[in-house]
Each structure stands twice: as structure tokens, then as C-alpha cells.
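Student: After the sequence you'll find the predicted model.
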Amino acid sequence: MAIVRLEALSSDAIPAILEIERDANTAPWSEQAFVNELDHPHGIFLVVRVDGEIAGYGGVWIVVDEAHITTIAIRPENRRQGLARKLMNELLTRAQKQGATCSTLEVRAGNEAAVKLYESLGYRTIATRRAYYPDNREDALVMWNYDLAA
Ligand SMILES: CC(C)(COP(=O)(O)OP(=O)(O)OC[C@H]1O[C@@H](n2cnc3c(N)ncnc32)[C@H](O)[C@@H]1OP(=O)(O)O)[C@@H](O)C(=O)NCCC(=O)NCCS
């Protein structure tokens, strides 16, 4: 049975995160973007470890009562094992403890895995931003969960 742990981002995790990020995102975050999350005043950023190895990460910014999901990714060989759902649940639980009552995010319209993940967590698409992503002009879906307590 694999041991799954969620822990706060630390600087020594960033190289492994960057490897996952380059594979997971067509417009990957820079190293500096992750460094900024180390001490973000309104952010929570967690790393998932499976048997000690970094398997994914995700973050949220809390803006008054809104939890904005900033990024989430799981290493390809660790996908479909419930890790992203576990990570999202922990991020949202911690965000609620810091005053968030609702949550929002943007996702590429063609990212079926992510859309299904968010729908399974109570998010619904409330708007589309046309050609939002500059790398391929893909639409963004704007998703909201208006009631995290539900
Ligand atoms: C999206 C992503 C984070 C999902 O991670 P994951 O750990 O595989 O997801 P989970 O195993 O927790 O899946 C939870 C639910 O999401 C949905 N889901 C996840 N992957 C899916 C897929 N490939 N196809 C359809 N539904 C999927 C399912 O509803 C799943 O529940 P189920 O397994 O009980 O059916 C992962 O595919 C990833 O890292 N993708 C690249 C980065 C990315 O797109 N991030 C989101 C940016 S907005």
C-alpha cells in the first residue's frame, strides 16, 4: 500500500515540480512562479508525495472569501489514483479555515480530465472566455463552486 502525504511547498521540492510542470502544461509556470508560492501571503501551496516521491502539487489563493485555484498537476504515472481529488479537498478545507466560502478557477475547454475532476467536486461552468490562452488560442471555461460548505 503506497503511503500518500500532503505537505507544504518547500524550495527543495521545486526541481521535481518543474519536471512535472513542463510535461503537464503547454504554458508551464517558471521556477520563479513556484518560488513566489513559498511565502505567498494569501496562498496555500501543497505537494503530494507517494512513498516519498513527489507525485503532484497544487495551489490556491484566497481573495477575501474566494478560493482561486491557481494550478494543479499530478505526474502521469500517478494519475487516476484519486490524488488530485485528495489534493483539491485538502486545499479547499484549508482555504475554508482561512475564510473562503466559495471557489473559482479557469480551465482549458479541451481539458476533459480536469473539467471532470472539478465537476466531481461541485464546480460548474458559468462562463467561457474565448481564445483566452495565448499559446493556442484555446477557450477558457470559468468554473465556480459557490458553496464550499455544501
Ligand atoms: C487533471 C489532473 C490533475 C487529474 O489528476 P488525477 O490525480 O489523475 O485525478 P483523480 O485520480 O483524483 O481523479 C478524480 C476524478 O477526476 C476525473 N478524471 C480524472 N482524470 C480523468 C480523465 N483522464 N478522464 C476523465 N475523467 C477524469 C474523474 O471524475 C475522476 O474520478 P474517478 O477516477 O473516480 O472517475 C491530471 O490529469 C493532470 O495532472 N493533468 C495535467 C495538468 C492539468 O491539466 N491540470 C489542470 C489545469 S486547470
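Tutor: Everything's here; your move. Numbering: from 1, shown residues only.

Student: buried sites along the helix ranked longest in the chain?
Tutor: In the chain, taking DSSP state H as the definition, the longest helix is helix 83-97. When neighbours are counted by 16 or more other C-beta atoms under 10 Å, the buried residues of helix 83-97 are found to be 83-84, 86-88, 90-92, 94-96. For glycine as for every other residue, the C-beta is placed from the backbone atoms N, C-alpha and C.

Student: residue contacts, the residue nearest in space to the middle of the chain?
Tutor: In the chain, the residue lying closest to the centroid (C-alpha atoms, centre = their mean) is residue 72, at 2.6 Å. Under the criterion of C-beta atoms under 8 Å, 6 or more residues apart in numbering, the neighbours of residue 72 are 56-59, 84, 87-88, 114.

Student: State the pLDDT value of residue 25.
Tutor: Residue 25 is assigned 93 on the pLDDT scale.

Student: next one: residue 1
Tutor: For residue 1, pLDDT reads 87.

Student: Get me the contact residues on this structure for the ligand.
Tutor: With C-beta under 6 Å from any ligand atom as the criterion, the chain comes near the ligand at residues 24, 72-74, 79-85, 107, 111-114, 116-117, 120.

Student: same question for the helix or strand harbouring residue 45, mean pLDDT?
Tutor: Applying DSSP states H and E as the criterion places residue 45 in strand 43-50. Computed over strand 43-50, the mean pLDDT rounds to 98.

Student: hang on, the earlier thing: what's the longest helix of the chain packed up against?
Tutor: Helices and strands touching helix 83-97, by 3 or more C-beta pairs under 8 Å, 6 or more residues apart in numbering; DSSP states H and E, are strand 4-8, strand 43-50, strand 53-63, strand 66-74, helix 112-120.

Student: quick one: which helix or strand includes residue 33?
Tutor: Element membership of residue 33 [criterion: DSSP H and E] is helix 31-37.

Student: helices and strands around that helix, which ones?
Tutor: Packed next to helix 31-37, using 3+ C-beta pairs under 8 Å, 6+ apart, are helix 14-24, strand 43-50.
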